[in-house]
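Chemist: the amino acid sequence is not available; the structure is as follows:
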Ligand code: C2E
Ligand code: CA
Ligand code: CA
């Protein structure tokens, strides 16, 4: 504890302000305290009751950490009573104003001079300033308050007195509160996972940008497949992946649109506000960059996975006068970019509203049709090197009254989203088994391939479902071929391999579909009990002309041979393609060159008509 200071106080009546200025609360005639200058003023012995009152007052000030200071024109020194700073007593030596200012933070020295000038010239009734003083290696905050209590004939102060108080604790508390408020404000507008502005932050920013009046483009980007990653590998893996995605998007923007703002709109969707004056050209450039950045695999717990980005774009102010309107329309555009025709990028247009309404209607129709099996099935034959039928792939068709035939590329993802794919897949299984049974009854062993969605692979009763379908149709499992895409393996080899091994054990044959469009092909090929690999049609484009296309295809086929896997070339459309593939040693083919998918009854009727005689398809 610090010692109570010793002082020799005097009490003096305040002199009236000679210039008639500076009348504040403690105005004219009010008692003020002043340190005794040796030899001046009445002594305590003469006025004991006053001394007692002053002592009490001084104690109270001491206790409250308040000190008294004075400045006299005569001598020009500032004297400060001992005072408490951070619990320790401080004795500042009497010093000139310049020396006193030297001890202060430079900004505050200026503020103190300004305050002093304002008071001296009568613009301010009081001298009040908050100062930072360096003491004991720390910066302390002091509130200095005072007033000229004597002025000369010209109105210039001769004696200024006042108080000094340590404000450090209050100041630090206020700063901590402000920092907390700033952090909270930041949190409410920022996404903690990616450190990007969140929805609220984006809305604020959009409002600012719209107020500036320059046109600009707003893009929204939805990443497909993040939910599957979360389900298969856990939320941490999904979070890491979103952080990586955010990093890639930042890089794309830094490449072309350094002043663009990236925000996280919701779970797996991001927004980009491009620079002032940006339009369709800038959007297309960024979209290309994004699509290229997403073409590289992402990592999910050591497994490379592929994700697709769909991009919607609006232009302000053309497409909306408020942030809300822009955001709604960019969402419409992003949904439209999901459809098969737009190649991942859609600009808002009023026609898209119809698209979205159509999708909403399709969703409800699909629900009803999944229940009552409102689907049709077609079969596309496969042939061997001599063009002789080896089996067929069953493909689902969805004829609707309102919208005509809807493409599987559109309704299969919808079914997955709505959780209807299991139910619809069951209808397909039974149709495939029945078709294989009809062919078998006609004396032809022509297996039927059926596509399984990744979600079905993970459904617990899959093997039972398959066995029931075979049993009902009266066929052996070897007549059903199951086609899976690499995305079915997203759940991890440890989960998927036992399921597939069980199916293989029952005698079903397993084909890996769309081979070459994923990333992890090689390790999967080695570790899974597959019987066949279907080479995606994208590898066949230009093989008859382009050397490079051939150089990619050939090693793929050799690899399958080495691993003992049979290959099927999908999407063979021309005699030239057929010829090249045959030369490369591919044993089985499927494509428009031989036959388009045809109604199952039609295919069955052809097989029945042929009886046990092998069927040759033109091509
Ligand atoms: P996929 O399994 O790769 O099926 C092959 C697709 O290629 C079919 O399209 C077929 O009509 C088409 N195609 C066949 N030959 C050629 C050709 O020479 N050239 C071209 N350009 N295309 C050819 P489709 O019927 O539109 O089916 C698209 C996708 O929808 C299928 O791709 C499959 O992934 C999915 N799908 C179809 N039916 C089912 C089903 O029952 N269940 C599940 N889960 N998916 C299905
Ligand atoms: Ca297929
Ligand atoms: Ca395929």
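Modeler: Good, I have the coordinates. As the structure is a computational prediction, the values presented were derived from the model and not from experiment. Ligands and ions are numbered 1, 2, ... in the order given.
Chemist: return the residues in contact with residue 277.
Modeler: Counting by Cβ atoms under 8 Å, 6 or more residues apart in numbering, residue 277 touches 214-216. In short, each C-beta sits where N, CA and C put it, glycine included.
Chemist: that one: what secondary structure?
Modeler: coil (DSSP: H, G, I helix; E, B strand; the rest coil).
Chemist: check what pLDDT it gets.
Modeler: Note on residue 277: pLDDT of 93.
Chemist: separation between it and residue 270?
Modeler: According to Cβ to Cβ, to the nearest Å, residue 277 stands 22 Å off from residue 270.
Chemist: returning to what we had before: out of the contacts of residue 277, which is nearest to residue 60?
Modeler: Closest to residue 60 out of the contacts of residue 277 is residue 214 (61.7 Å), distances taken as Cβ to Cβ.
Chemist: and residue 559, how far is that from ligand 3?
Modeler: 18 Å (Cβ to the ion, to the nearest Å).
Chemist: just checking, residue 228 touches residue 490?
Modeler: Yes. The pair residue 228 and residue 490 qualifies as a contact (Cβ atoms under 8 Å) at a distance of 5.7 Å.
Chemist: common neighbours of the two, please.
Modeler: Here residue 228 and residue 490 have residue 454 as joint contacts, going by Cβ under 8 Å, 6+ apart.
Chemist: more neighbours, these two?
Modeler: A direct count of neighbours by other Cβ atoms under 10 Å for residue 228 and residue 490 places residue 490 higher, at 24 against 19.
Chemist: circling back to that earlier point, give me the buried subset of the contacts of residue 277.
Modeler: The neighbour count (16 or more other Cβ atoms under 10 Å) marks residue 216 as buried among those.
Chemist: any chance of the contacts of residue 277 in TSV, plus secondary structure and distance to residue 408?
Modeler: Formatted as TSV, the contacts of residue 277 follow (DSSP: H, G, I helix; E, B strand; the rest coil; distance: Cβ to Cβ, whole Å):
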residue	secondary structure	distance to residue 408
214	coil	44
215	coil	40
216	strand	38
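Chemist: closest one of the contacts of residue 277 to ligand 1?
Modeler: residue 216 (38.2 Å; Cβ to the nearest ligand atom).
Chemist: report pLDDT for the closest one.
Modeler: Reading off the model, residue 216 has pLDDT 96.
Chemist: next one: residue 548
Modeler: 85.
Chemist: neighbours of it, how many?
Modeler: Neighbours of residue 548 under the rule other Cβ under 10 Å: 9.
Chemist: part of a strand, is it?
Modeler: No. Counting by three-state DSSP, residue 548 falls outside a strand, being helix.
Chemist: and residue 232, how far is that from ligand 1?
Modeler: 18 Å (Cβ to the nearest ligand atom, to the nearest Å).
Chemist: so is that residue in a helix, a strand, or just coil?
Modeler: Going by three-state DSSP: residue 232 is helix.
Chemist: pretty sure it contacts residue 493?
Modeler: No. Using Cβ under 8 Å, residue 232 is not in contact with residue 493, being 11.3 Å away.
Chemist: which one's more surrounded, the two?
Modeler: More crowded of residue 232 and residue 493, by other Cβ under 10 Å: residue 232, with 22 against 15.
Chemist: hang on, the earlier thing: could you dump the contacts of residue 277 to a markdown table with distance to ligand 3?
Modeler: Shown next, in a markdown table, are the contacts of residue 277 (distance: Cβ to the ion, whole Å):
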| residue | distance to ligand 3 |
| --- | --- |
| 214 | 47 |
| 215 | 43 |
| 216 | 41 |
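Chemist: flag every residue of the protein that's near ligand 3.
Modeler: Neighbours of ligand 3 within the chain, by Cβ under 5 Å from the ion: 513-514, 570.
Chemist: give the buried subset of those as a PyMOL selection command.
Modeler: Of the residues of the chain next to ligand 3, the buried ones can be selected in PyMOL as follows, counting by 16+ other Cβ under 10 Å:
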select buried, resi 513+514+570
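Chemist: out of the residues of the chain next to ligand 3, which one has the lowest pLDDT?
Modeler: Within the residues of the chain next to ligand 3, lowest confidence goes to residue 514 (92).
Chemist: ok, then the element right after the strand or helix carrying that residue?
Modeler: Assessed by DSSP states H and E, residue 514 sits inside strand 509-515. Using DSSP H and E, the helix or strand that directly follows strand 509-515 along the chain is helix 521-527.
Chemist: how far does that following helix sit from the chain's center?
Modeler: 32 Å (Cα atoms, centre = their mean, to the nearest Å).
Chemist: any weak-confidence spans in the stretch 251-400 of the chain?
Modeler: 339-343 (pLDDT under 70).
Chemist: how does it look with 80?
Modeler: 256-258, 338-343 (pLDDT under 80).
Chemist: now the strands for it?
Modeler: 261-266, 269-273, 298-300, 303-305, 308-316, 345-347, 376-384, 389-400 (DSSP state E, counting those that start in this stretch).
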